[in-house]
Each structure stands twice: as C-alpha cells, then as structure tokens.
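Chemist: predicted model and sequence follow; I will ask about them next.
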Amino acid sequence: MRRFSTLGGLVGVSYAVSLLRKDSRHDADTPLDTVVDHIAYLIEHVGEDGVGLGSDFDGAMIPVGIGSAAGIPNLVAAMRKRQFGEPLVEKICFENWLRVLEQTWGR
C-alpha cells in the first residue's frame, strides 16, 4: 500500500455528497458518519499525514450536518465520537495543511 511521505502531498476531504456516497446520490441528508467513513478510508490508503479537511462550499451539495464552514465543528465531533484521538483530529483539521504549506512556501 502506497503512503505519502511527510514530504508528500495532501488529500483534502471533499464534502460533496455524490463523492462521499457509495451510491453517488445527491442527498443532503447524507449522515456525518459517511464523511467520517470517507476520512477513515483515506487514512487507510494514504496515511494520517496525507489527509486534511477540504472544502466544497462553492456550490456542491454537502451534508446538512455540515451546511457551511460553520458546521465543521459538527464533523470534528463526529470524528471524536468515532474515537479518532485528539492528535489525529488535529492533524486532519490543520497540522497536515500547515506542514504542506510550510514545505511549499519554504518557511
């Protein structure tokens, strides 16, 4: 299984329901657990250093449990409920993005 290195890229989690659902339906009632399932899948395939929160607030249909950027705390609560430890939640929410941006901008 290929994993990103710490110098590798980052996959931003899409909130577009048709990309999250196995049946590809456009259904805003897609549960937050489906988003967390998608995050777990990405972690399994690219490693915890390769996953960060993305965004699709530009017109994609997103789960009603998120709604807008103001709903991200609901997603974080769902990750914690799924027993994602705090270090992993922090990596997904911001630390992985900071690492990649620092590498890119040559801080």
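Modeler: Perfect, thanks for sending it. In this text the structure is predicted, and so the values were computed from the model without any measurement. Numbering: from 1, shown residues only.
Chemist: what's stretch 65-73 in contact with?
Modeler: Outside of stretch 65-73, the residues within contact range by Cβ atoms under 8 Å, 6 or more residues apart in numbering are 15, 31-32, 35, 53, 55, 57, 74-75, 78, 93. Where C-beta positions appear, they are placed from N, C-alpha and C, glycine not excepted.
Chemist: from those, which has minimum pLDDT?
Modeler: Within the contacts of stretch 65-73, S55 has the lowest pLDDT, namely 77.
Chemist: pretty sure that one sits against Y15.
Modeler: Yes - shown here, S55 and Y15 form a contact pair, counting by Cβ atoms under 8 Å, at 6.9 Å.
Chemist: got a pLDDT number for I92?
Modeler: The confidence metric pLDDT takes the value 97 at I92.
Chemist: residues contacting the closest residue in space to D27 that isn't next to it in sequence?
Modeler: Once flanking residues are discounted, D27 sits nearest to V17: 5.8 Å by Cβ to Cβ, 6 or more residues apart in numbering. Residues counted as contacts of V17 (Cβ under 8 Å, 6+ apart) are 25-28, 30, 34, 60-63.
Chemist: need the worst-confidence member of those.
Modeler: The member of the contacts of V17 with the lowest pLDDT is A60, at 91.
Chemist: assign that one to helix, strand or coil.
Modeler: coil (DSSP: H, G, I helix; E, B strand; the rest coil).
Chemist: relative to L20, how far out is it?
Modeler: Applying Cβ to Cβ, to the nearest Å, one obtains 10 Å for the distance of A60 from L20.
Chemist: find the residues that touch each one of the two.
Modeler: Each of S14 lies in contact with both A60 and L20 under the rule Cβ under 8 Å, 6+ apart.
Chemist: now for whichever helix in the chain runs longest, which elements pack on it?
Modeler: Ordering each helix of the chain by length in residues (DSSP state H) puts helix 32-46 first. Using 3 or more Cβ pairs under 8 Å, 6 or more residues apart in numbering; DSSP states H and E, the elements in contact with helix 32-46 are strand 11-13, helix 17-20, strand 51-53, helix 72-81.
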